[in-house]
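A.B. asks: 3D, please:
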Amino acid sequence: MFIDYQALRRQIPIERVLALMAYSATSHRGQQLRGTCPFHAAEESHPRCFAVHLSKGVFRCFHCGVHGNQLDLWARWRGLSLYGAAINLCRHAGVDIPLRDRNSAAR
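C.D. replies: Sure thing, here's the model as predicted:
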């Protein structure tokens, strides 16, 4: 069995990951959140360098360059591999790990 990462990203939106991280954005406009980056010390000159686009499920820090989807965010925040982060995130979110068999993985 393999983890179905695409199903996992559909199952746990980036908003849920941010909530599990207890992340608090400094501004919210439409589908975009801005705030300090959770991966480096906030500096006065970069208080809104971290951007999250909610409907696209992506994030980027314009200061340190880290970017990706909600699973990448969780993996980096917890210091885990993508596989480990998938399992850990499902556990913290209280959802079953979405699995697929070898045959469907080849498609």
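A.B. asks: distance of residue 2 from residue 9?
C.D. replies: In this view, residue 2 and residue 9 are 15 Å apart by Cβ to Cβ, to the nearest Å. C-beta: built from backbone N, CA, C; applies to glycine.
A.B. asks: quick one: which of these two has more around it?
C.D. replies: Shown here are residue 2 and residue 9; by other Cβ atoms under 10 Å, residue 9 has more neighbours (18 against 12).
A.B. asks: A helix includes that one, no?
C.D. replies: Yes: the assignment for residue 9 by DSSP: H, G, I helix; E, B strand; the rest coil puts it in a helix.
A.B. asks: Give me the distance between the residue nearest the centre of the chain and residue 10.
C.D. replies: Residue closest to the average C-alpha location in the chain (Cα atoms, centre = their mean): residue 70, at 2.0 Å. Distance of residue 70 to residue 10, given as Cβ to Cβ: 10 Å.
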